[in-house]
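Trainee: how does the following fold in three dimensions:
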Amino acid sequence: MGKVKNLKKAAAYIVLSLLSFLCLFFFYCLIINATRSHPEIAKGFSFLPGKSFGPNLYNVLHNKNLPVVSGILNSLFIASASAALSVYVSALTAYAIHAYDFKFRNAVYLFIILIMMIPNQVTTLGFLSLIGKMGLMDSFVPLILPSMAAPVVFYFMVSYFQSNLPLEIVESARIDGSNEFFTFNYIVIPIVKPALAVQGIFAFVASWNNYFVPSLVLKSNTKKTLPILIAQLRSADFLKFDMGQVYMLITIAIVPVAIIYLCLSKFIIGGVTAGSVKG
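Mentor: Below you'll find the model as predicted:
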């Protein structure tokens with residue numbers, strides 16, 4: 001039995017090591033190519049870094065056709081605001097479903113879950129028509145405000161509340177005279193902080209990588225986000241096309257997300273584990 005157990009353990013380590021290698025290898029390729037010039041990249045892949053990291057970074061940041069610095073700032077603002085709004089409003093909605101016993105609670109819960117099944121592309125035409133009539137085209141507002149309706153975040157938060165927030169705590173706060181917003185902001189939020197961190201990370205990454213809606217809404221060059229600028233750089237004509245700049249810009253786009261994941265990985269594992277257990 002001991003040998004069989006050791007063999008299974010060794011096989012698990014081998015599989016996990018292989019999967020880790022496959023995941024990290026592409027990031028390694030990206031970083032290596034970001035240090036190489038366009039002619040070097042055209043010759044084929046190399047395991048050794050090149051000497052063009054500085055020139056590639058300079059060329060990207062000083063590209064007259066691509067306002068990269070403003071694109072980074074735009075992406076940071078939109079992603080941060082969307083994540084904060086999405087997490088707070090979804091948690092508040094989930095708290096209402098969990099802590100209140102009202103007549104149509106199950107119907108409201110089911111309705112929100114059904115919305116989760118609808119792809120964004122289905123509603124895009126109506127969404128664009130609406131913001132066009134409201135005069136919100138080429139604005140950050142339609143990219144931030146709709147993020148408060150996040151059924152996936154809501155569903156996760158409801159599951160987390162059911163397993164980690166006893167209603168006795170809420171009842172005790174009410175008996176002590178605490179109003180509902182005070183209870184939520186100062187009692188509930190500290191309890192569910194790991195779940196908020198997890199969903200905040202996921203919401204930030206989703207908004208940071210979002211290309212489809214911003215590309216339809218944003219028209220001004222100074223308002224475009226990083227994914228739009230990457231697409232524009234990749235679609236440049238052949239004479240101006242520079243793969244070194246493309247890889248460098250993708251590296252710039254990935255680094256903030258990687259840093260967030262590395263710093264908050266403990267929250268991700270703990271929050272997902274706790275949120276998946278009920279009762």
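Trainee: what's near enough to touch the spatially most central residue of the chain?
Mentor: Among the residues of the chain, the one closest to the centroid is residue 205, at 1.8 Å (CA atoms, centre = their mean). The contact partners of residue 205, by CB atoms under 8 Å, 6 or more residues apart in numbering, come to 79, 257, 260. To be clear about C-beta, it is placed using only N, CA and C from the backbone, and glycine gets the same treatment.
Trainee: go ahead and confirm the first one touches residue 200.
Mentor: Meaning residue 79. No. Contact criterion CB atoms under 8 Å: residue 79 and residue 200 do not qualify, at 10.3 Å.
Trainee: settle it for me: which of those two has more neighbours?
Mentor: Per other CB atoms under 10 Å, whichever of residue 79 and residue 200 has more neighbours is residue 79, with 25 against 21.
Trainee: can you pull the contacts of that one?
Mentor: By CB under 8 Å, 6+ apart, the residues touching residue 79 are 204-205, 207-208.
Trainee: for residue 166, same thing?
Mentor: If a contact means CB under 8 Å, 6+ apart, then residue 166 has no contacts.
Trainee: what about 10 Å?
Mentor: Shown here is residue 166, whose contacts under the criterion CB atoms under 10 Å, 6 or more residues apart in numbering are 172, 191.
Trainee: now do the phi/psi pair for it.
Mentor: Per-residue torsions, residue 166: phi -60, psi 140 (degrees, to the nearest 10).
Trainee: separation between it and residue 191?
Mentor: Separation of residue 166 from residue 191 (CB to CB, to the nearest Å): 9 Å.
Trainee: where does pLDDT dip in this structure?
Mentor: For the chain, the stretches with pLDDT under 70 are 1-2, 236-240, 265, 267-279.
Trainee: what sits up against stretch 128-138?
Mentor: The contact list for stretch 128-138 (CB under 10 Å, 6+ apart) reads 123, 139, 141-143, 145-146, 213, 216-220, 223-224.
Trainee: highest neighbour count among the residues you listed?
Mentor: residue 143 (24 neighbours).
Trainee: so what's the residue count around the residue lying closest to that one once chain neighbours are set aside?
Mentor: Spatially, and ignoring its direct neighbours in sequence, residue 143 is nearest to residue 78 (5.3 Å; CB to CB, 6 or more residues apart in numbering). For residue 78, the neighbour count with other CB under 10 Å is 23.
Trainee: please apply the same query to the one 10 residues further on.
Mentor: By other CB under 10 Å, the residues close to residue 88 number 17.
Trainee: need the contacts of residue 79 in TSV with secondary structure, can you?
Mentor: Compiled in TSV, these are given as follows (DSSP: H, G, I helix; E, B strand; the rest coil):
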residue	secondary structure
204	helix
205	helix
207	helix
208	helix
